[in-house]
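Participant: everything below, folded, please.
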Amino acid sequence: MKGQCLCGRVTLEVSRPPALINVCNCRFCRSLGAAWAYYRPDEVAITGETGTYRRDDIAEVWLIAHFCPTCGSTTHYTPTERGDPDEWGINSRLFALDELAGIAARFQDGRRVATADDTFVVTGTGHIGDGKAF
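Facilitator: Predicted structure coming up:
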């Protein structure tokens with residue numbers, strides 16, 4: 001699967017569809033406009049230059065956002081030293097919607113999560129294309 005930012009200067013390619021798409025309502029995820037698909041770093045090929053943003057408004061930062069510096073599209077996140085080094089979040093909204101049809105979607109309440117060890121509460125589930133997700 002291949003996805004692109006809005007202007008096409010950054011491309012993300014993965015060899016398989018995601019097992020799950022996660023839609024979170026925390027400030028980080030909502031502000032970035034992302035719906036995350038999870039991959040190991042060795043499963044993702046990224047071409048093009050990305051900028052980064054590391055939050056400075058919270059004490060414990062475990063994710064670094066990456067974006068296209070031309071169009072501003074969020075492309076993915078990588079972990080800080082506090083995060084899981086084996087998991088990258090890829091913005092699944094960059095992939096064609098028909099390629100995501102049928103994939104499970106999970107909605108979670110991340111507004112109350114303050115540290116990487118906190119538990120996320122799942123508030124809903126669906127599948128891409130069922131009229132409830134995305």
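
Participant: all strands in the chain, in order from the N-terminus.
Facilitator: 2-4, 11-14, 21-24, 36-39, 44-47, 51-53, 63-67, 74-79, 88-91, 104-109, 121-127 (DSSP state E).

Participant: of those, which stretch is the most buried?
Facilitator: Counting by mean count of other Cβ atoms under 10 Å, strand 88-91 has the highest mean neighbour count of these, with a mean of 26. C-beta coordinates here come from the backbone N, C-alpha and C atoms, glycine included.

Participant: lowest confidence element among the helices and strands of the protein?
Facilitator: strand 121-127 (a mean of 89; mean pLDDT, DSSP states H and E).

Participant: Arg30 is nearest to which of the strands of the chain?
Facilitator: Closest to Arg30 of these is strand 21-24 (Cβ to Cβ; 7.6 Å).

Participant: the closest one pairs with which strands?
Facilitator: When sheet partners are counted by DSSP bridges, strand 21-24 sits next to strand 36-39 (antiparallel), strand 104-109 (parallel).

Participant: now those in TSV, with distance to Ala19 and mean pLDDT?
Facilitator: Shown next, in TSV, are the strands paired with strand 21-24 (distance: least, Cβ to Cβ, whole Å; pLDDT from 0 to 100):
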stretch	distance to Ala19	mean pLDDT
strand 36-39	8	98
strand 104-109	7	92
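
Participant: can you put the ones you listed in JSON lines and add distance to Ile64?
Facilitator: Formatted as JSON lines, those follow (distance: least, Cβ to Cβ, whole Å):
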{"stretch": "strand 36-39", "distance to Ile64": "14"}
{"stretch": "strand 104-109", "distance to Ile64": "20"}
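
Participant: looking at these, spot the one closest to Ile90.
Facilitator: strand 36-39 (4.8 Å).
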